[in-house]
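In: one predicted model, sequence on top.
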Amino acid sequence: MKRILRVGLLSTFLLSSMYTFAQCGWIASYPYSNSNPTVSATNNAMHSGDKYFYVDNSTKRLANIFGGTWMYGVLDNSSQPVRSGTRFLKHPTSSDLYYVGTDNKIYKTYWTASGWTTSVFNSSAPLVRSNSQIAYSSSDNKIYYIGSDGKMYILSMGGSYQLLNLNLFQHYNGVFLAFDDVTDLVVDNQERIWFSYDGGSISYLYYSLAPGYFTGWTLIRWPHDNDPSNNLPGVPDFAPDAVNSPIVVADNSDVYYRRSDGRIVYFNAGSPGDRDRPWSIVGSYAAQGHVMSMTYGDGKMVFVASNNQVRNIYYSGGTWNDFLVNPRVVTSPSPVWINDGEILYTDVVSSGTRLMNFEYDISGCKKEEVAGTAFNDDVTFFPNPAGDHVTIENTTDQSIQMTLVSAMGQVMENMEILPSETHRLDVSNHPSGVYLVRWTAGGTTHSERLIIQ
């Protein structure tokens, strides 16, 4: 039976005497029952189908948890161990896994009739640089990495490799790679590879199959790389200040990175060659959590701060909001979104680092009379979880502005509730899931979770 650890509610629910809201909210759970696998906290974890892939902490080899009884085990006990601090990859349409070994070679672990097998992906390819990750590009089905000579190489799924022929690239110490498929601009079939390098700059390699428009690979450097000659005439320094920063590219070509003061900053990449882009800070509180890694999914940004807290923020109404009010202490270098409302990460417990889920569970929400949530003594909404309607009571002497926001950050409802008014909101047309209810009165904004079943 699945073992559940209760780690507290997502928010602090203030309940009046007429409402009862039993154990429910964000919980941590071990996704296994018959074993206690230990997980390397310096490598990533990954969910695929009915399997969780991770790096076994004792052997440093790829392992998985699988099946209805959540069996676990190392995939290939004779394989080369995984290099600490690196992310392994899984091909999106096969069972093949790729990783950097302790000897800095790229290995492929794949399923055969006799079980999992591991081999060097290409024995003649240059070694991976000691501080480089490997990255997979879905647009051309290839793996990219920075070699020990400081140049970027491309590996095809057939095992052949090629040098990305840019003479200047070898001077930069790019570590983090992120891909941006550009298909909605002037020319289709374009791709950008973003990277950060010593000196605090962010650049991208731009590839186009369109004749006459940056045909092939082109290096485009953003300003503020300590070399004024690289700045375009009349274009002010962008000053990304992104030394050794993870980079995340969203679906709309927003580029996120960690600034040296610990804040998460983002800008929209715009068209290729456009380097004069306005930037914004994601949440003022982010300065308290220096970002160790970031991942983007379902319209939300997840990152791990230096204080070992997993944070999740989403964008709504022109403002970045903290989605997890009560963050769970973790050590995962890269939390992974499994689906809406569920995060996979590693957790430090007394018996060692373990693979866990962090998910929103409503199974403990028991309706005794009318289950509901009170913002304070004067504003309540019920039932929660809700069916077709939600009743909102405003017993204050002032009007409140209330907004219903989806987990994707989309504003679903916007309403004004007058003083001493009871408002009945029809939610029958909204999909089931977890929503955020926000209300503002007197310049102060409050928020709580609403579950629509």
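Out: The structure has been received and is ready for your questions. Just so it is clear, the model here is predicted, and its values are computed rather than measured. Numbers count the residues shown, from 1 in each chain.

In: counting neighbours, what do you get for A135?
Out: Using other C-beta atoms under 10 Å, A135 has 18 neighbouring residues. The C-beta positions use only the backbone N, C-alpha and C, and glycine is treated the same way.

In: kindly report the same for R438.
Out: Using other C-beta under 10 Å, R438 is surrounded by 18 other residues.

In: low-confidence stretches in the stretch 1-150 of the chain?
Out: Residues of the stretch 1-150 of the chain that meet the criterion pLDDT under 70 lie in 1-37, 67-71, 139.

In: apply 90 and report the result again.
Out: The stretch 1-150 of the chain contains residues with pLDDT under 90 at 1-58, 64-73, 84-87, 89, 92-94, 122-124, 128-150.

In: please enumerate the strands of it.
Out: Counting by DSSP state E, counting those that start in this stretch, residue ranges of the strands within the stretch 1-150 of the chain are 4-5, 25-29, 46-48, 51-55, 62-66, 71-74, 89-90, 97-100, 106-112, 115-120, 134-137, 142-146.

In: so for N414, which of the ones you listed sits nearest?
Out: Closest of the strands of the stretch 1-150 of the chain to N414 is strand 25-29, at 25.8 Å (criterion: C-beta to C-beta).

In: buried ones in stretch 60-68?
Out: By neighbour count on 16 or more other C-beta atoms under 10 Å, the buried set for stretch 60-68 is 60-66.

In: for N268, which of the strands of the stretch 1-150 of the chain is the nearest?
Out: Of all these, strand 134-137 sits nearest to N268, with 20.9 Å by C-beta to C-beta.

In: tell me the contacts of F121?
Out: By C-beta atoms under 8 Å, 6 or more residues apart in numbering, F121 lies in contact with 98, 105-108, 143, 155, 159.

In: what residues are up against T102?
Out: By C-beta under 8 Å, 6+ apart, the contact set of T102 is 60, 80-83.

In: wait, doesn't I247 sit right on I193?
Out: No - judged on C-beta atoms under 8 Å, I247 makes no contact with I193 at a distance of 9.9 Å.

In: measure V434 to M412 for me?
Out: To M412, V434 is 12 Å away according to C-beta to C-beta, to the nearest Å.

In: what do you get for V437?
Out: Counting by C-beta to C-beta - V437 and M412 are separated by 10 Å.

In: more crowded one of those two?
Out: The neighbour count for V437 versus M412, taken as other C-beta under 10 Å, is higher for V437 (22 against 16).

In: gap between G73 and A63?
Out: Taken as C-beta to C-beta, the span from G73 to A63 is 6 Å.

In: nope, S160 is what I was after
Out: Distance, S160 to A63, using C-beta to C-beta: 29 Å.

In: go on, L418?
Out: From L418 across to A63, the span is 58 Å (C-beta to C-beta).

In: please apply the same query to Y144.
Out: Look at Y144 and A63: by C-beta to C-beta, they are 26 Å apart.

In: what's the burial count for T403?
Out: 18.

In: is it in a helix, a strand, or coil?
Out: strand (DSSP: H, G, I helix; E, B strand; the rest coil).

In: pLDDT score for it?
Out: pLDDT, T403: 83.

In: which stretch of helix or strand covers the residue nearest to it when sequence neighbours are not counted?
Out: Among residues not flanking T403 along the chain, R438 sits closest, at 4.7 Å (C-beta to C-beta, 6 or more residues apart in numbering). Per DSSP states H and E: R438 is located in strand 433-441.

In: next, the contact list for the residue lying closest to M415 once chain neighbours are set aside, please.
Out: Residue nearest to M415 in three dimensions, not counting chain neighbours: M402, with 5.3 Å by C-beta to C-beta, 6+ apart. With contacts taken as C-beta under 8 Å, 6+ apart, M402 has the following neighbours: 392, 413-417, 437-440.

In: ditto for I392
Out: By C-beta under 8 Å, 6+ apart, the contact set of I392 is 379-381, 402, 417, 422-425.

In: could you tell me which of these count as buried?
Out: With neighbours counted using 16+ other C-beta under 10 Å, these contain these buried positions: 379-381, 402, 417, 423, 425.

In: and the residue lying closest to G101 once chain neighbours are set aside, how many neighbours?
Out: Counting by C-beta to C-beta, 6+ apart, Q80 is the residue found nearest to G101 once chain neighbours are left out, at 3.7 Å. By other C-beta under 10 Å, 19 other residues sit near Q80.

In: next: M415.
Out: The local packing of M415 (other C-beta under 10 Å) involves 13 other residues.

In: G387 too?
Out: Applying other C-beta under 10 Å, we find 11 residues neighbouring G387.

In: do T395 as well
Out: Here the count is done by other C-beta under 10 Å, and T395 has 13 residues near it.

In: now do the phi/psi pair for it.
Out: When read as degrees, to the nearest 10, the backbone of T395 gives phi -100, psi 10.

In: that one and P419, how far apart?
Out: On the measure of C-beta to C-beta, T395 and P419 end up 8 Å apart.

In: which one of the strands of the stretch 1-150 of the chain is the most hemmed in?
Out: Each of these was scored by mean neighbour count; the highest is strand 97-100, a mean of 25, by mean count of other C-beta atoms under 10 Å.

In: hey, C-alpha coordinates of that one in PDB?
Out: Extracted in PDB, the C-alpha atoms of strand 97-100 (Å, rounded to 0.1, in the frame of the first residue of the first chain):
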ATOM      1  CA  LEU A  97      18.500   6.900 -21.900                       C
ATOM      2  CA  TYR A  98      21.600   9.000 -22.400                       C
ATOM      3  CA  TYR A  99      24.000  10.200 -19.700                       C
ATOM      4  CA  VAL A 100      27.500  11.400 -19.100                       C
END
